[in-house]
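Student: turn this into a structure:
(chains A and B)
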Amino acid sequence: MRTDPLFQTVTSEVRSTRTVSLSFNDQALEVPAGISVAAALLMSGINRFRATPVSESPRAPYCMMGVCFECLVDIDGVPNRQSCLIEVAEGMRIRSQEGARDLIIQADNVQTAIEQTVEVQS
Amino acid sequence: MNDHFGGVVEAVDVVVVGAGAAGMAGAVALAGLGLQVVLLDEQGSPGGQIYRGITLAPLSRRDLLGAEYAHGNVLAQALASSSVRYEKGAAVWQVTRDHQVSYLRDGRLRTLQAKAVLLATGAMERPFPIPGWTLPGVMSAGAAQILLKSAGLAPTEPVVLAGCGPLLYLLGWQYLRAGVPIKALVDTTRPEDYWRARRHLFAALRAWPYLRKGLELMRSLRSARIPHHTGAEQLAIEGEEAATALTFTVAGKAHRIAARCVLLHQGVVPNIQFSQSLRARHVWDVDQLCFSPVVDPWSELDVPGMFVAGDGAGIGGAQAAALQGELAALGIAQRLGRVNAGQRDERAGPLREQLALNLRIRPFLDALYQPKEANRIPADEVIVCRCEEVTAGDLRTFVALGCAGPNQAKSFGRCGMGPCQGRMCGLTVTEVIAKARGVSAAEVGYYRIRPPIKPITLGELAGE
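Tutor: Down below sits the predicted model:
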């Protein structure tokens, strides 16, 4: 869900005009090239990145340097990516991780993967 | 040669982990001493956190951030014109006692076998566990500064800065220069802290350039007439789905400042994930209130051939870190037979003098900005382990049931077992348990850190 952005470009900034298009939960976003996914989301009004698996509490980046793991998102189908360490790229599909619900879906994927592996082996 | 997983290993002289002040200076010095060096860094460009994005920042941003930040370009340029093989986007997930360094880059696993390893993984901000610190809109001051350095971003609405320490005031100064409105500076420093720090003032005066810089920061914040609350206690963030206000008391009087963005800071501590994973000896630093690895005068751990330079071995700041990186390079070069002990000591002399000058300010800063106990050892309802949502009260219950230290706290309630692997709660867990048991933090100890230090999928491990 987009709200008023918490962060914006400082007025003195002379930014390159290059932008990239990406999506967050299927919503199209246009952001400056060369910045991290977390920075791009924060300046686009994404203030909540995920819900915790334990209590589904809302979370957003805390440290921006790869320590806190609060900025975890799903990028192009790969879950648990540290969005503060990954640069934005054209066409990136980003999804929030919605707590334990998403873990269950992932568990289904694992189950399917195991079944496929067993089929291949037998 | 193969690694522990059957992959091909490349032999090099030295691997440096981390391209911040210590890593860049150390790698360049090692290359200058004729050694083949690989510098691995997680970011997309060199600089670490203090010089984050230095090679990419437009001039307008560099000017805004100040001369200290711009100095990082000297190190980055030296790196660029050296023979160092710098690999960006490299997530080091394992370092072994026999000098193997495994990392993930572009989705591929690689392993280097070095004759010596220099760990320059720097500092991280000390956790600031108060009620509501997990809410969106609450970030560390360092995080906000990284947004400014790496993306030219600042808070949209008037922001509240809370806590203590040079980085908090530096960010305030940078925001003033950027025209970013600051709603309040909520300072946990009390008048008696100045009294306690005064015995270190004489030494600090001998590091006058640093002290003057600090005084200038404080003066600019004052002259901008930013509401400055000192001696703030009982800090808490209000909000349900996101932060809406910071509440606190000053001399018993309650305050509430509405804000969607609250930036917290109470100092930085060494990032010890790698030195801990090596089972190197660490001690509890009673002045900086954190664990630091024990190193010899050349930054070598009690694991032969493994070195730690910069803030990762104890907080000294960026300039000290660069000098420590150069000193460690001399120590490594001597160990690898590139220079003899006499040459090493001769070259080290001027570096040690500069380092001593740099570190004179530290005891004063450590005493003045020592984080308050209430902000390190929180009340029962406060979340300590953010990943698994374990509160200080849960930890105290574990202790009552016989939990003696951080490692047992994992089996009692998954504390420290989430994605961050205990980075965000480690120090708090140690101190909460120590206080509850009535013993020292040194006796309680720290989490047993194991690889992978960075997340890695089974597919990546299998080389798929």
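Student: could you use CA atoms for every contact and neighbour count after this?
Tutor: Noted.
Student: can you give me the buried ones in stretch B:177-194?
Tutor: B:178, B:180-190, B:194 (16 or more other C-alpha atoms under 10 Å in any protein chain shown).
Student: get me the contact residues on chain A for chain B.
Tutor: Within chain A, the positions near chain B by C-alpha under 8 Å from any C-alpha of the partner chain are A:5-15, A:35-36, A:39, A:43, A:47-48, A:52, A:54, A:57-65, A:67-70, A:85, A:87.
Student: so which of the residues you listed sit within strands?
Tutor: Judged by DSSP state E, strands contain the following of these: A:Phe7, A:Gln8, A:Thr9, A:Pro58, A:Arg59.
Student: OK, contacts around the third one?
Tutor: Each residue near A:Thr9 by C-alpha atoms under 8 Å, 6 or more residues apart in numbering or on different chains is listed here: A:Met43, B:Ala151, B:Gly152, B:Leu153, B:Ala154.
Student: any chance of JSON lines for the residues you listed, columns neighbour count?
Tutor: Below are those laid out as JSON lines (neighbours: other C-alpha atoms under 10 Å in any protein chain shown):
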{"residue": "A:Met43", "neighbour count": "23"}
{"residue": "B:Ala151", "neighbour count": "26"}
{"residue": "B:Gly152", "neighbour count": "27"}
{"residue": "B:Leu153", "neighbour count": "24"}
{"residue": "B:Ala154", "neighbour count": "26"}
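Student: restricted to helices, list these.
Tutor: Per DSSP state H, helices hold the following members of the contacts of A:Thr9: A:Met43, B:Ala151.
Student: from the contacts of A:Thr9, which is closest to B:Leu458?
Tutor: B:Ala151 (32.7 Å; C-alpha to C-alpha).
Student: per-residue pLDDT of that closest one, please?
Tutor: pLDDT for B:Ala151: 95.
Student: likewise B:Met24?
Tutor: We have a pLDDT of 98 for B:Met24.
Student: mind listing what's buried in the helix or strand where it lies?
Tutor: Following DSSP states H and E, one finds B:Met24 within helix B:21-32. Residues B:Ala21, B:Ala22, B:Gly23, B:Met24, B:Ala25, B:Gly26, B:Ala27, B:Val28, B:Ala29, B:Leu30, B:Ala31 are the ones in helix B:21-32 that count as buried (16+ other C-alpha under 10 Å).
Student: confidence score at the residue nearest to B:Ile453 when sequence neighbours are not counted?
Tutor: Once flanking residues are discounted, B:Ile453 sits nearest to B:Trp93: 4.5 Å by C-alpha to C-alpha, 6 or more residues apart in numbering or on different chains. The score at B:Trp93 is 96. That number is its pLDDT.
Student: how about the strands in the stretch 301-450 of chain B?
Tutor: Assigned by DSSP state E, counting those that start in this stretch, the strands in the stretch 301-450 of chain B fall at B:306-308, B:383-385, B:390-391.
Student: could I get the ones you listed as JSON lines with mean neighbour count?
Tutor: Output for the strands of the stretch 301-450 of chain B, formatted as JSON lines (neighbours: other C-alpha under 10 Å):
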{"stretch": "strand B:306-308", "mean neighbour count": "27"}
{"stretch": "strand B:383-385", "mean neighbour count": "28"}
{"stretch": "strand B:390-391", "mean neighbour count": "22"}
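Student: in a markdown table, list the ones you listed along with distance to chain A and mean pLDDT.
Tutor: A markdown table is the format used below for those (distance: least, C-alpha to the nearest C-alpha, whole Å; pLDDT from 0 to 100):
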| stretch | distance to chain A | mean pLDDT |
| --- | --- | --- |
| strand B:306-308 | 19 | 98 |
| strand B:383-385 | 10 | 98 |
| strand B:390-391 | 10 | 98 |
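Student: now do the contacts for residue 96.
Tutor: Using chain A here. By C-alpha under 8 Å, 6+ apart, A:Ser96 lies in contact with A:Phe24, A:Asn25, A:Phe49, A:Arg50, A:Ala51, A:Leu72, A:Val73, A:Asp74.
Student: sorry, I should have been clearer: chain B.
Tutor: Applying C-alpha under 8 Å, 6+ apart to B:Thr96 gives the contacts B:Leu278.
Student: and if you look at B:Gln324?
Tutor: B:Ala22, B:Gly26, B:Ser299, B:Ala309, B:Gly310, B:Leu355.
Student: in these, find the pair that's most separated.
Tutor: With C-alpha to C-alpha as the measure, no two of these lie farther apart than B:Gly26 and B:Leu355, at 14.4 Å.
Student: circling back to that earlier point, could I get the buried residues of stretch B:177-194 as JSON lines with distance to B:Glu443, pLDDT and secondary structure?
Tutor: Output for the buried residues of stretch B:177-194, formatted as JSON lines (distance: C-alpha to C-alpha, whole Å; pLDDT from 0 to 100; DSSP: H, G, I helix; E, B strand; the rest coil):
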{"residue": "B:Ala178", "distance to B:Glu443": "46", "pLDDT": "95", "secondary structure": "helix"}
{"residue": "B:Val180", "distance to B:Glu443": "45", "pLDDT": "96", "secondary structure": "coil"}
{"residue": "B:Pro181", "distance to B:Glu443": "45", "pLDDT": "95", "secondary structure": "coil"}
{"residue": "B:Ile182", "distance to B:Glu443": "42", "pLDDT": "97", "secondary structure": "strand"}
{"residue": "B:Lys183", "distance to B:Glu443": "42", "pLDDT": "97", "secondary structure": "strand"}
{"residue": "B:Ala184", "distance to B:Glu443": "39", "pLDDT": "98", "secondary structure": "strand"}
{"residue": "B:Leu185", "distance to B:Glu443": "36", "pLDDT": "97", "secondary structure": "strand"}
{"residue": "B:Val186", "distance to B:Glu443": "34", "pLDDT": "98", "secondary structure": "strand"}
{"residue": "B:Asp187", "distance to B:Glu443": "31", "pLDDT": "97", "secondary structure": "strand"}
{"residue": "B:Thr188", "distance to B:Glu443": "28", "pLDDT": "98", "secondary structure": "coil"}
{"residue": "B:Thr189", "distance to B:Glu443": "28", "pLDDT": "96", "secondary structure": "coil"}
{"residue": "B:Arg190", "distance to B:Glu443": "30", "pLDDT": "94", "secondary structure": "coil"}
{"residue": "B:Tyr194", "distance to B:Glu443": "30", "pLDDT": "90", "secondary structure": "helix"}
